[in-house]
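A.B. asks: sequence below, structure please.
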Amino acid sequence: MKELEFKGSNTDQPSSQNLIPQNTLKRYDESSMSAYEKEDASYTIDGKTDTIWHSNYSSSYKLPQYVTIDLGAVYDLEQVNMLPRQNNRNGHITHYRIEVSTDGTTFTPVVEGYLPHDGNSLDNPGEEKEIKFDTTKAQYVRFIAIESLGDRNNAYASIAELNFYGTTESGEVETVNKAALEAAVTTANALKEQGALNNVIPAVVAEFNAALAEAEGILADSNADQATVDASFFRLATAIQMVDFVKGDKTELIKLVEEYSKLEENNYTTASWEVFKGALDAAIAVRDDENALEYEVKEALNNLKDGYAQLVVVADKTALQAMVDKVNGLDEKLYTEASWAKLADPMAKANEVLANKDATQDEVNAAYEALVRAYLELRLIPNKDLLEDLINKAQSFEAANYTADSYANLRSALLVAQSTLANESADEAAVKAAVEGLQASIDALVPVSADNNVASGDKVNAGDKTAIATGDSTSMLSSIAGLALASIAMFGAKRRKKSK
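C.D. replies: A predicted model of the protein is given here:
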C-alpha cells in the first residue's frame with residue numbers, strides 16, 4: 001500500500017463539530033458526470049448514501065475529475081468529510097486534492113493527500129473519511145479526484161456524500177431553535193390521541209398527518225436549518241388550527257336531493273325552475289364533496305328548501321283550452337255581428353295565455369272567465385219566417401172592414417213587426433215580441449156592423465182602401481147583402497102604392 005502523504009493537513013486537530021447544514025449547500029459545478037444517469041455534484045449533498053456523483057465513463061475522460069460545492073456563504077472552513085461509493089468500488093478515490101475559492105473563479109489548493117486502500121478498494125469504505133486542515137476562508141470547495149480504483153484504475157471517480165465543517169466570519173455556527181416545532185408536534189400527537197380528527201374533513205386530516213410527519217422528520221434532522229424548522233412549524237400550526245373544520249351532517253340534504261331530483265321541469269314555470277335548479281345543482285355538489293364543512297351543508301340545505309318553496313306549478317289550462325275549442329267550433333253566420341265581435345279580445349287573450357308556458361293559474365282563470373262571459377253574450381240570429389208570414393197576413397186586411405181603433409192598433413203593431421224584420425241585429429226576444437204584438441192586434445180587429453157603428457168617429461173614412469184582407473170579411477158581406485134586400489123591398493112597396 002502506498003505511503004500516506006498529506007500536504008496542508010492538520011491531523012492533530014480534533015474532529016470538528018461545526019457541521020454546515022447540507023440544506024444550505026448548493027451544487028456549483030463538476031468536471032463531468034455520467035452520461036446516461038446524469039449523476040451530477042448535487043448527489044453528494046442530498047443526505048442519501050445510496051446516490052452518487054460519478055464522472056463520465058467514457059475512455060476519453062481522464063482523471064483528474066472534480067465536483068465543486070457552494071457553501072452559500074464565506075466560512076472559516078476547517079474540515080471536509082468524504083463518504084465513498086457504497087455499492088461498488090468503481091471510482092473509489094485514493095488520491096485527492098481540495099481547493100477553495102471565495103468568488104467561484106480563483107481556486108487555491110488547501111490540502112492534498114491519499115486515502116488508505118488494499119489495491120482493490122478503500123479501507124472501511126462504509127465510513128466517512130475525515131480530511132482536516134488549518135482554517136481557511138472558503139465559499140466554494142472543489143474536491144478533486146487525482147487517482148482512483150475500479151475495474152479500470154484511474155479511469156473515473158465517484159463520491160457518495162460530502163460534508164463540510166466550519167464557522168462563519170462571525171466565529172459562530174448557525175444555531176437552530178426547534179422548541180416551537182417540538183411543542184407543535186407534541187400538541188398534534190395529543191390531538192390525535194384525543195380523537196380530535198375523528199369528524200374533521202378528509203383534506204384537513206390528510207394535511208394534518210403530512211405536516212406532522214414532516215415536522216417529526218425535521219426534528220430528527222440535525223442538518224435542518226432555521227428556515228426549514230420555522231416553515232414546518234407554521235405548516236403544522238395551521239393544520240392544528242383547522243381541527244374544527246368538521247364535516248357537515250348530510251343526512252337531510254341527501255334525502256331532499258334524492259326526492260327533488262325526481263321533479264320534472266315541464267311541470268313548473270321557467271323562472272321558478274331556474275332558481276330551483278341552481279339550488280339543486282349546488283346541493284348535489286356539496287353532497288358529493290367529502291370536504292364540505294358544516295356551514296356549507298347547512299347553507300346548501302337551506303337554499304334547496306327555499307328553491308323548492310318558490311317553485312310555481314304550471315297552470316291547469318284544461319278548461320280554458322276546452323272553451324277555446326268550443327268557440328273555434330262555432331259558425332259565425334249563426335250569430336249577430338255585434339255579439340260575435342265581442343269574442344275577439346277574449347279569444348286573443350285566451351290564446352296568448354295558452355301559448356305562455358309561464359302563465360299563472362290566476363291568469364288562466366281570468367282568461368277563462370272573460371271568454372265565458374263573451375260566449376254567454378253571443379246572440380243567435382233569430383228565425384223571422386213566422387214574423388214575415390204574419391206581416392203578409394196583416395197586410396191583407398182592409399181598413400174599411402174594421403173599426404178605426406182596432407185597425408189603428410193593427411197598423412202600429414205592423415210597423416213594429418216590419419221594423420223588427422228589417423233589423424239584422426234584432427234578437428230572438430225582439431222577434432218574439434213583434435210576432436206576439438202583431439198577432440194580438442190581428443186578433444183584436446173589430447169588423448164594422450150596425451151594432452158597433454154608433455159613432456162616426458169610430459168609422460173608417462169612406463174610400464179608405466188599405467189592403468188588409470182577411471178571411472173574417474163574411475160578416476161584413478152579410479150586412480151589405482141585408483141592406484140590399486131591405487132596399488129592394490122598400491122600392492117594391494112604393495111601386496105598389498103608386499099603382500093603386
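
A.B. asks: read off the pLDDT value for the nearest residue to Thr270 once chain neighbours are set aside.
C.D. replies: Spatial nearest neighbour of Thr270, chain neighbours left out: Asp358 (5.5 Å); criterion: C-beta to C-beta, 6 or more residues apart in numbering. In short, each C-beta sits where N, CA and C put it, glycine included. Looking at Asp358, its pLDDT stands at 85.

A.B. asks: can you verify Leu421 is assigned to a strand?
C.D. replies: No - counting by DSSP: H, G, I helix; E, B strand; the rest coil, Leu421 falls outside a strand, being helix.

A.B. asks: and it, what does it touch?
C.D. replies: Contacts here follow C-beta atoms under 8 Å, 6 or more residues apart in numbering; on that basis Leu421 touches 384, 387-388, 391, 434.

A.B. asks: pull out the buried members of these.
C.D. replies: The neighbour-count criterion (16 or more other C-beta atoms under 10 Å) marks 384, 387, 391, 434 among these as buried.

A.B. asks: so which of those residues sit within helices?
C.D. replies: 387, 391, 434 (DSSP state H).

A.B. asks: unless I'm mixing things up, the second one is touching Gly437, no?
C.D. replies: No - in this structure, Ile391 is not within contact of Gly437 by C-beta atoms under 8 Å, at 11.5 Å.

A.B. asks: quick check: neighbours shared by those two?
C.D. replies: Applying C-beta under 8 Å, 6+ apart, one finds that Ile391 and Gly437 are jointly contacted by Ala417.

A.B. asks: any idea how far the nearest residue to Val205 once chain neighbours are set aside is from Thr228?
C.D. replies: In space, Val205 comes closest to Leu197 once its chain neighbours are excluded; the distance is 5.1 Å by C-beta to C-beta, 6+ apart. Here Leu197 is placed at a distance of 25 Å from Thr228 (C-beta to C-beta, to the nearest Å).

A.B. asks: bridging residues for Ile98?
C.D. replies: Per DSSP bridges, the residues bridged to Ile98 are Val111, Phe143.

A.B. asks: what is the neighbour count of it?
C.D. replies: Neighbour count of Ile98, defined by other C-beta atoms under 10 Å: 25.

A.B. asks: shouldn't it be in contact with Val80?
C.D. replies: Yes - with contacts counted by C-beta under 8 Å, Ile98 reaches Val80, the gap being 5.9 Å.

A.B. asks: please enumerate the shared neighbours of those two.
C.D. replies: Listed as contacting both Ile98 and Val80 by C-beta under 8 Å, 6+ apart are 131, 141, 143.

A.B. asks: for the second one, give me the pLDDT.
C.D. replies: This points to Val141. 98.

A.B. asks: before we move on, what about the first one?
C.D. replies: As summarised for this prediction, Ile131 has a pLDDT of 95.

A.B. asks: so what's it bridging to?
C.D. replies: Val80.

A.B. asks: dump the residue contacts of it.
C.D. replies: Contact analysis of Ile131 by C-beta under 8 Å, 6+ apart lists 9, 79-82, 96, 98, 111, 113.

A.B. asks: the helices in this protein, which residues?
C.D. replies: Under DSSP H, the chain gives helices at 179-193, 202-220, 226-241, 251-260, 270-288, 294-309, 318-328, 337-341, 344-355, 361-376, 385-394, 404-422, 428-443, 474-499.

A.B. asks: roughly how far does Ile284 sit from Ile240?
C.D. replies: Ile284 is 32 Å from Ile240, where distance means C-beta to C-beta.

A.B. asks: one more: Leu380?
C.D. replies: 90 Å.

A.B. asks: do the same with Gln395
C.D. replies: For Gln395, the distance to Ile240 (C-beta to C-beta) stands at 117 Å.

A.B. asks: what's the answer for Ser449, then?
C.D. replies: According to C-beta to C-beta, Ser449 stands 132 Å off from Ile240.

A.B. asks: who has more neighbours out of these two?
C.D. replies: Using other C-beta under 10 Å as the criterion, Ser449 and Ile240 rank with Ile240 on top: 16 against 12.

A.B. asks: per-residue confidence at that one?
C.D. replies: Per-residue pLDDT puts Ile240 at 95.

A.B. asks: and the one 10 residues further on, by the same measure?
C.D. replies: Confidence at Lys250, expressed as pLDDT, is 93.

A.B. asks: touching, Lys342 and Ala374? I think so.
C.D. replies: Yes - contact status for Lys342 versus Ala374: in contact at 5.1 Å, counting by C-beta under 8 Å.

A.B. asks: more neighbours: which of these two?
C.D. replies: The residue with more neighbours, out of Lys342 and Ala374, is Ala374; 21 against 17, by other C-beta under 10 Å.

A.B. asks: grab the nearest non-local neighbour of that one.
C.D. replies: Ala374 sits nearest to Pro346 (C-beta to C-beta, 6+ apart), 4.3 Å away.

A.B. asks: quick check: mean pLDDT of stretch 186-202?
C.D. replies: Averaged over stretch 186-202, pLDDT sits at 93.

A.B. asks: where are the low-confidence patches of the stretch 151-300 of the chain?
C.D. replies: Low-confidence segments of the stretch 151-300 of the chain (pLDDT under 70): 169-175.

A.B. asks: picking that back up, and the residue nearest to Ala374, what does it touch?
C.D. replies: Applying C-beta under 8 Å, 6+ apart, we find Pro346 in contact with 367, 370-371, 373-374.

A.B. asks: most surrounded residue in those residues?
C.D. replies: Across the contacts of Pro346, neighbour numbers were computed from other C-beta under 10 Å; Ala367 holds the maximum, 26 neighbours.

A.B. asks: so that residue makes contact with Met323?
C.D. replies: No - using C-beta under 8 Å, Ala367 is not in contact with Met323; the gap is 9.0 Å.

A.B. asks: list the residues that contact both of these two?
C.D. replies: Joint contacts of Ala367 and Met323 (C-beta under 8 Å, 6+ apart) are Ala350.

A.B. asks: any idea how far the nearest residue in space to Ile146 that is not next to it in sequence is from Glu259?
C.D. replies: Nearest residue to Ile146 in three dimensions, chain neighbours excluded: His95, at 4.2 Å (C-beta to C-beta, 6+ apart). Between His95 and Glu259 the distance is 83 Å, computed by C-beta to C-beta.

A.B. asks: between the two, which is the more surrounded one?
C.D. replies: Higher neighbour count among His95 and Glu259: His95, with 18 against 10, using other C-beta under 10 Å.

A.B. asks: point out the least confident one among the buried ones among the contacts of Leu421.
C.D. replies: If you rank those by pLDDT, Lys384 sits at the bottom with 88.

A.B. asks: my guess is that one meets Val431, correct?
C.D. replies: Yes - checked against C-beta under 8 Å, the pair Lys384 and Val431 is within contact range at 5.7 Å.

A.B. asks: quick check: neighbours shared by the two?
C.D. replies: Thr420.

A.B. asks: and Thr68, what is it in contact with?
C.D. replies: Per C-beta under 8 Å, 6+ apart, neighbours of Thr68: 27-30, 41, 104, 140-143.

A.B. asks: among those, name the buried ones.
C.D. replies: Neighbour counting with 16+ other C-beta under 10 Å marks 27-28, 30, 41, 140-143 as buried within these.

A.B. asks: between the residues you listed, which sits nearest Glu127?
C.D. replies: Nearest to Glu127 among these, counting by C-beta to C-beta, is Phe143 at 17.0 Å.

A.B. asks: what's the spacing between the closest one and Ser121?
C.D. replies: 19 Å.

A.B. asks: centre of the chain versus stretch 68-80, how much separation?
C.D. replies: Its chain's average C-alpha position is 61 Å from that of stretch 68-80, according to C-alpha atoms, centre = their mean, to the nearest Å.

A.B. asks: likewise for stretch 273-289?
C.D. replies: From the chain centre to the centre of stretch 273-289 is a distance of 7 Å (C-alpha atoms, centre = their mean).
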